[in-house]
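> coordinates only, no sequence provided:
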Ligand SMILES: Nc1ncnc2c1ncn2[C@@H]1O[C@H](COP(=O)(O)OP(=O)(O)OP(=O)(O)O)[C@@H](O)[C@H]1O
C-alpha cells in the first residue's frame, strides 16, 4: 500500500493564475483524508494533480517518496480515481463500464466479471448491470462510477465529490464502503463540500480559494490491522503554520 503526498504544490490551468497555492498534505495507508472547501476552492484540481492528470506548476506529488510522473505512472502504481463527472461511457451498460476498466487494468476476464457483479451489488445496482448508462438516473450513474473505482482495489483511492447526487441512505452506505477501502489498507482521499461527510474522515484539509487554511488532523490515530504505520497528516501552506488543534 502506498502513501500519496503533495509537497508545496502549486497548480494552474494553461497559463492562468494558480488555482492551488503551496499546498502540502499527505494521505497514508489505512486512513481517510477529506479535502473540503466551497465550490471553486480547488478540490478537484488537487485530486486531479494527485491522479497524475495535471502536472504541478511547482511542487511535487510523491507516491511512497517517488515523484509522480504522469497518469500512466499513477495507474501503474495503483492510483484509482473516481472523477466528479463520473467519466462513464454512456453507450455502454453499467456492467460493461466496470468490466472494461478492470480488463484495461490487467484483470483476467473471469475475475473482471466476478468483481463487476460483486461491486455493482455492493452499490445496490444488481438490477442495473445490463442497463445502458444513459438510461440510469444521476444517482445510479454516480454509484456505477463508485463501483468501478472500488472494483479496481487501488492502493490509493481518490474520490471526487462521489456523494453529491445521492440520498442520505446511499450516502451513508458509500461512506461505509470508503471506510472499508481504508480498512483494506488503501489511502483514501475524499473531496467534499459536505462538512458532515468530511467529519467522518480521519483528517481534513480545508481549501479556501486554492490555499489550505484549516486543518483537522489526528494526532494519535489507531493502527489499522496489517498496516505497520498508518497516519494521515496534512500541513497547510508548506508547513509554515502550526496545525489547528483537533476538533
Ligand atoms: N479545466 C480548467 N481550466 C481552467 N480553469 C479551471 C479548470 N478546471 C477548474 N478550473 C478553475 O480552477 C478553480 C478550482 O476549480 P476546482 O474544480 O478544482 O474546484 P472545486 O473545489 O473542485 O469546485 P467544485 O466543488 O465546484 O467541484 C476554479 O476557479 C475553476 O474555475
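Nice, I can see it. Given the structure is predicted, the values throughout are model-derived calculations rather than measurements.

> contacts only, for the spatially most central residue of the chain.
By C-alpha atoms, centre = their mean, the mean C-alpha position of the chain lies nearest to residue 158, the distance being 1.5 Å. For residue 158, the contacting residues are 47, 50, 51, 79, 80, 81, 82, 189, 191, taking C-beta atoms under 8 Å, 6 or more residues apart in numbering as the criterion. The C-beta positions use only the backbone N, C-alpha and C, and glycine is treated the same way.

> which one of those residues is nearest residue 104?
The shortest gap between residue 104 and any of the contacts of residue 158 belongs to residue 80, at 12.1 Å (C-beta to C-beta).

> three-state assignment of that closest one?
Classification of residue 80 into helix, strand or coil gives strand, according to DSSP: H, G, I helix; E, B strand; the rest coil.

> and it, how far from the ligand?
Between residue 80 and the ligand the computed distance is 18 Å (C-beta to the nearest ligand atom, to the nearest Å).

> nearest spatial neighbour of that residue, chain-adjacent residues omitted?
When the adjacent residues along the chain are set aside, residue 80 lies closest to residue 154, with 3.3 Å between them (C-beta to C-beta, 6 or more residues apart in numbering).

> residues contacting that neighbour?
Contacts of residue 154 were listed using C-beta under 8 Å, 6+ apart, and they are 78, 79, 80, 186.

> so for the first one, what's the pLDDT?
In the predicted model, residue 78 carries a pLDDT score of 95.

> that one: neighbour count?
Taking other C-beta atoms under 10 Å as the neighbour definition, residue 78 ends up with a count of 18.

> that one against residue 2, yeah?
Yes. With the criterion set as C-beta atoms under 8 Å, residue 78 and residue 2 qualify as a contacting pair; they are 6.6 Å apart.

> residue 106 belongs to a helix?
No. Secondary structure assignment (three-state DSSP) places residue 106 in coil, not in a helix.

> what helices or strands is the top helix by length along the chain leaning on?
For the chain, the helix that runs over the most residues, judged by DSSP state H, is helix 168-184. Other elements packing on helix 168-184 under the criterion 3 or more C-beta pairs under 8 Å, 6 or more residues apart in numbering; DSSP states H and E are strand 32-36, helix 138-151, strand 156-160, strand 187-192.

> how about the helices of the chain, start to end?
In chain order, the chain shows helices spanning 43-50, 71-76, 94-104, 109-122, 138-151, 168-184, 195-199, with DSSP H as the criterion.
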